[in-house]
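Asker: missing the sequence, but the structure's below:
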């Protein structure tokens, strides 16, 4: 029987030199094991790729709101299931509620503009005085008005002609918009669904990640595991929460001064505030529009108060919140935000600064011997920190 056993597969070992110049060898079995592991990871990535964005967002929200979840769990007497449901419902309300309100306000503005255009198209109207006196672009805007709205049925005729000649292009654009909108809504709700499981199984997940980190990174793991959650929370607080508060304040200011579409413009101001100089420019445009319309005092109030709000939020509050949790200089924060958005889309808004924090930790490791003396953070200590009640 023993003579019929096939020989074991063990090719010639592969020799290579590591960073220190020492000679190391990989046996054939080790090479097969590495290839098998890479195959599993590649297959898992292919399967999870359609859901990666939702999973990443769920992970970001879970890490940023983990102290809130622990507080709710304590108030629920350690009942993890109930705390997970309540925290997920609260996050859903905080995320979906403002989005629904914004969509309602945008729909109202669209209906108002459409009604005005229909009315003007039916009778025709000369360009308004404020449009005639608009500096720099006044002549161009007046020409556009005369082309589309000065005579009855001009706009409707142009729309009918465009629809008949470019029906395929418009249909493709509408399908692309609807598919994109549906995909983002599905991503949001899938992320909220995954978020519930992150809350419920958080301590076990943290323990598993801690075991892997200690096994593969050793004492280096301590530095990274300490900085990443703080960096994520700082990025979320400084970018998302502060941006939402800024949008509410600016929308209230515009509404009180009689600016039309106040919510839409206030939200636009908060979004473009991430681009240096964009928010003051938009404020100037709004103020000029108010001044040309005869509301000089409102124009001065909007520009002055808006600039104070933008300067305080974008150049004081937001950098302090992010820097306090990441220890990054302000220029690195800007690079992290813009570079993250360019490389990864909206999720890069939060991930970008975190990656630069990891880079900062790496440079600190490379230039000091502090890591060698740092204690290893055990998975049990991570689990206790995530589960102080011991309910697991």
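Answerer: Arrived safely. Predicted model, so just to flag it, every value in this text is computed and none were measured.
Asker: give the rounded mean pLDDT of the lengthiest helix in the chain.
Answerer: Looking across the chain with DSSP state H, the single longest helix is helix 80-123. Per-residue pLDDT values over helix 80-123 give a mean of 87.
Asker: which SSE is immediately downstream of that helix?
Answerer: Note on helix 80-123: by DSSP states H and E, the next helix or strand toward the C-terminus is helix 129-132.
Asker: and the angle from the following helix or strand past that next one to helix 80-123?
Answerer: Remark: after helix 129-132, the chain's next helix or strand is helix 138-148, criterion DSSP H and E. Relative orientation of helix 138-148 and helix 80-123, computed by axes from the mean of the first three to the mean of the last three CA atoms, to 10 degrees: 80 degrees.
Asker: tell me what helix 138-148 is packed against?
Answerer: Applying 3 or more CB pairs under 8 Å, 6 or more residues apart in numbering; DSSP states H and E, one finds that helix 138-148 contacts helix 129-132, helix 154-165. C-beta: built from backbone N, CA, C; applies to glycine.
Asker: helix or strand next in line after the longest one, which one?
Answerer: Yep, that's helix 154-165 we're talking about. helix 167-200.
Asker: would you mark the buried spots in that following helix?
Answerer: 187, 188, 190, 191, 192, 194, 195, 196, 198, 199, 200 (16 or more other CB atoms under 10 Å).
Asker: same list, those, but as CSV with distance to residue 221 and pLDDT please.
Answerer: Formatted as CSV, the buried residues of helix 167-200 follow (distance: CB to CB, whole Å; pLDDT from 0 to 100):
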residue, distance to residue 221, pLDDT
187, 31, 88
188, 32, 87
190, 30, 90
191, 27, 91
192, 30, 91
194, 25, 93
195, 25, 93
196, 28, 93
198, 21, 92
199, 24, 92
200, 25, 91
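Asker: ok, so of these, who is nearest residue 282?
Answerer: residue 188 (27.0 Å; CB to CB).
Asker: residues in contact with the closest one?
Answerer: By CB atoms under 8 Å, 6 or more residues apart in numbering, the contact list for residue 188 reads 54, 57, 95, 96.
Asker: what number of residues lie near the first one?
Answerer: Burial measure for residue 54: 20 neighbouring residues, criterion other CB atoms under 10 Å.
Asker: just the last one next, same as before
Answerer: Here the count is done by other CB under 10 Å, and residue 96 has 14 residues near it.
Asker: separation between it and residue 185?
Answerer: Distance, residue 96 to residue 185, by CB to CB, to the nearest Å: 10 Å.
Asker: for stretch 180-189, the distance to its chain's centre please.
Answerer: 14 Å (CA atoms, centre = their mean, to the nearest Å).
Asker: is it true that residue 234 touches residue 319?
Answerer: No: if you go by CB atoms under 8 Å, residue 234 and residue 319 don't touch, sitting 10.5 Å apart.
Asker: show me which of these two is the more surrounded one.
Answerer: Neighbour count, other CB under 10 Å: between residue 234 and residue 319, residue 234 has more, with 25 against 17.
Asker: find the helix or strand that the more buried one is a member of.
Answerer: Counting by DSSP H and E, residue 234 is part of helix 220-235.
Asker: what of residue 245?
Answerer: helix 242-256.
Asker: avg pLDDT for the following helix or strand past that helix?
Answerer: Going down the chain from helix 242-256, the next helix or strand is helix 262-272, by DSSP H and E. Mean pLDDT, helix 262-272: 86.
Asker: show me what helix 262-272 is packed against.
Answerer: Judged by 3+ CB pairs under 8 Å, 6+ apart, helix 262-272 is in contact with helix 80-123, helix 242-256, helix 278-292.
Asker: circling back to that earlier point, which elements pack onto the helix holding residue 245?
Answerer: If you count contacts as 3+ CB pairs under 8 Å, 6+ apart, helix 242-256 packs onto helix 262-272, helix 296-312.
Asker: looking at those helices, which one is packed in the most?
Answerer: helix 262-272 (a mean of 20; mean count of other CB atoms under 10 Å).
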